[in-house]
Structures are given as C-alpha cells and as structure tokens.
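S.K.: 3D, please:
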Amino acid sequence: MRPLSQLPLSPLDLAALAFFLVVWLAYQPLLKASSGGHGVINTNMTVIRAAWMRNMAVRENRFMDGQLLGHALNSASFFASSNLILIAAAAGALFGGEQTFRSASSLLVLKTSSRLLFEGQIALVLVTLARGLLDFIWAIRQMNYCIAAVGAAPDTHDPAFEKAYGEAASRLINPALSSFNAGVRGYYFALAAAAWLFGAPAFIAATAGATLLLIGRQRRSQSAGAIRDIRRLLESREQD
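M.R.: Got it, this is the predicted structure:
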C-alpha cells in the first residue's frame, strides 16, 4: 500500500471529498434533524399538496389542476434538458485528454496537481449532475402518472370516495415534486463539487455554504414562513 504522500489525493483532498459525500448523500436526513420540530418547506409542502389533491377530487372542473400539473411538468422537462447540456460539457472536459488538462492546469486559479486529480474533480461534478438528471426523469414520469389520475377522477359526489381518491393522488404528486426538488438541489451540490477545482479548502467551504444556504432557505426564508402559515390555516380549516 502506497503512503498517503504518494497518493493522487492529499489528506486534505480526501477529507474534503468525504465531507462532501456525507453531506450530499445525507442531506435529507440532516434537513429533518435540523428542523427542530417546526417544519421546513419540504415537509410543509407535502401537507399543502395533499390538500390540493383532496380539493381536486371534489371539484367538477379540473382544468386548473391539469394546467398547474402541466406547468410543473414543463419546468421539470426544462431542467432535465439543461442538465443534459451541463453533463455533456462536463463529459467533454473529462474525456478531453491531455490537452484539456494542460489548458486547465495553466490557469493560476485552479488547484489541480495531476491529471488524475483533475479527472476526479470533473468526474465528481458529472456524477452529481447525473444524479440530478435521474431525479428529474423520475419526477417527469411520476407527474405523468399524476396527470392521468387527475384525468381519471370521477364525479361521484361520494365524500368518502372523493377523500380516499384525493389521498391516493397526493401519494403520487408528493414523490413526484420531491424528486423535482432533489434534482434542483443537485445544482447546488454540483457547484460545490466544481469548487474542488479551486482547492480542497474552497471545496469544503463551498460544500458547507451550499448546505447552510439550502437549510436556511428551508427554515428561515420568507417563503418558509408563508408556507408554514398556509399549512396552519389549511389544518385549522380541516379541524373545524
């Protein structure tokens, strides 16, 4: 086994990579743990979407519901297309060979000591984007399922059936839009991964910054406060 001094990654690079992987893969549990019982945007939105689907099930005209789902589907398709372009660009840099490495290493702001390290840095960005693309693709598929469920909703005027149908539809839309959110979140971590090109300290700082920014927006943004209020109002109305 080679000593650490002979490995392509320095101990600081290894620590930065390990920190990124832990935060990236464990973000959702970390978010729930940091919510402090007050709820965050993601969890509050599941309640709001469930209320939407219950209201959809009792409406006679569901044109608005179809339009809203179509808008969400178009947004997911746009992000998926953009993600493909970024993946193609990262793959071009990864497989560009020695010429790409020489061009990148000639820039003073980039901190890449070897071609192997450079390829690892680009590969991490590529993997992060690829995971986001898979989230977008899965979101698009689930949204299509939800559109079919909205279109198939019958006019029964049976409160028990309508409530059950709305609850079932909410179990379609919530995972779909959660996957969409995960895909968008992938851009934050892709930017953090790209910061590795500027050195391990920048990589650690960007990873911590992206995580704190995401959690802060989930808990303390104006949108988070408004969504908490909307959830509270919906729940109080259902209890009356």
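S.K.: may I ask which helix or strand of the protein has the lowest mean pLDDT?
M.R.: Least confident helix or strand, the chain: helix 98-105 with a mean of 66, by mean pLDDT, DSSP states H and E.
S.K.: would you mark the buried spots in the following helix or strand past it?
M.R.: Of the helices and strands lying after helix 98-105 in sequence (DSSP states H and E), the nearest is helix 115-152. Neighbour-count burial for helix 115-152 flags 115, 117-122, 124-126, 128-140, 142-143, 146-147, 149-150 (criterion: 16 or more other Cβ atoms under 10 Å). For every residue, glycine as well, the C-beta is placed using N, CA and C.
S.K.: and if you look at stretch 194-211?
M.R.: Those would be 194-200, 202-204, 206-207, 210-211, for stretch 194-211 by 16+ other Cβ under 10 Å.
S.K.: gap between that stretch and the chain center?
M.R.: Distance of stretch 194-211 from its chain centroid, counting by Cα atoms, centre = their mean, to the nearest Å, is 18 Å.
S.K.: just stretch 154-169 next, same as before
M.R.: Centre-to-centre, stretch 154-169 and its host chain are 31 Å apart (Cα atoms, centre = their mean).
S.K.: my guess is residue 30 contacts residue 23. True?
M.R.: Yes - using Cβ atoms under 8 Å, residue 30 is in contact with residue 23, at 7.2 Å.
S.K.: hang on, the earlier thing: out of the buried residues of stretch 194-211, which comes closest to residue 10?
M.R.: residue 200 (7.0 Å; Cβ to Cβ).
S.K.: what separation do you get for that closest one and residue 25?
M.R.: 19 Å (Cβ to Cβ, to the nearest Å).
S.K.: got it, and residue 205?
M.R.: 19 Å.
S.K.: enumerate every residue touching the closest residue to residue 137 other than its chain neighbours.
M.R.: In space, and not counting its chain neighbours, residue 137 is closest to residue 80: 6.3 Å by Cβ to Cβ, 6 or more residues apart in numbering. Residues in contact with residue 80 (Cβ atoms under 8 Å, 6 or more residues apart in numbering) are 133, 136-137, 140, 183.
S.K.: which one of those residues is nearest residue 164?
M.R.: The closest of those to residue 164 turns out to be residue 140 (Cβ to Cβ; 26.4 Å).
S.K.: and the pLDDT at the closest residue to that closest one other than its chain neighbours?
M.R.: Excluding the flanking residues, the one nearest residue 140 by Cβ to Cβ, 6+ apart is residue 76, at 5.0 Å. pLDDT recorded at residue 76 is 95.
S.K.: close enough to count as contact, residue 76 and residue 135?
M.R.: No - using Cβ under 8 Å, residue 76 is not in contact with residue 135; the gap is 9.3 Å.
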